[in-house]
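Asks: Sequence first, predicted coordinates after that:
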Amino acid sequence: MGSWSKRQQVRDGFHDCVVGLQTPGGGSSNMLKTYFSDVKFNRCITSQLIKWFSNFREFYYIQMEKYARQAINDGVTSTEELSITRDCELYRALNMHYNKANDFEVPERFLEVAQITLREFFNAIIAGKDVDPSWKKAIYKVICKLDSEVPEIFKSPNCLQELLHE
DNA sequence: ATAGTACCTG
DNA sequence: CAGGTACTAT
């Protein structure tokens, strides 16, 4: 399936910054490829790359919904009570998935966006919008606009090593 | 027709 | 994650 020499390196850090990445319209597919300068892309490899990000996004949103519902069951009534810190359960779940080895320092911006996402889910569920089969679409549309730029350092084939030496 | 995505499954 | 289906958009 091709040499994903950079796969492990890029995965984690990428998603600390690119959570809601939507490929259509944004031309993001080509943008992503520029971060894998050592990979020769064909149809198959490209779709696998796209699939990864699809899976990553999926995981992110599944956690958000789960945590939002859990908060509601726990009696939370206001979004003011929902904040995402580096020691909260949700953050740990995400970090465990995207940044298992803690190679990357998760940007503050990620916490902000995650919190916005969580509150978005919370409000939608409270409002009973989840009866609509496509209720998440509205949330996706909001969050994908909050994507951060992917740090340039991830373009380096040796980004992991370089980060570890900082 | 093809690429990209959501949703579900293993 | 990868596979598969169904659906949207180009």
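Replies: In hand now; what should we look at?
Asks: moving C-terminal of the lowest-mean-pLDDT helix or strand in chain A, what's the next helix or strand?
Replies: Within chain A, confidence by mean pLDDT, DSSP states H and E is lowest for helix A:7-17 among all helices and strands, at a mean of 55. Beyond helix A:7-17 in the direction of the C-terminus, DSSP states H and E gives the next helix or strand as helix A:28-33.
Asks: And DNA strand C, is that following helix touching that?
Replies: No: Helix A:28-33 stays clear of DNA strand C (C-beta under 7 Å from any atom of the strand), getting no nearer than 12.3 Å. Using the backbone N, CA and C atoms, a C-beta is placed for each residue, glycine as well.
Asks: can you tell me the average pLDDT over that helix?
Replies: The average pLDDT within helix A:28-33 is 81.
Asks: chain center to it, what's the gap?
Replies: Its chain's C-alpha centre and that of helix A:28-33 lie 16 Å apart, by C-alpha atoms, centre = their mean, to the nearest Å.
Asks: which secondary structure elements does that helix contact?
Replies: Counting contacts by 3 or more C-beta pairs under 8 Å, 6 or more residues apart in numbering; DSSP states H and E, helix A:28-33 is packed against helix A:43-73.
Asks: Could you check how far the closest residue in space to A:Ile126 that isn't next to it in sequence is from A:Asn30?
Replies: Nearest in space to A:Ile126, with sequence neighbours left out and distances taken as C-beta to C-beta, 6 or more residues apart in numbering, is A:Ile72 at 6.8 Å. A:Ile72 sits 40 Å away from A:Asn30, going by C-beta to C-beta, to the nearest Å.
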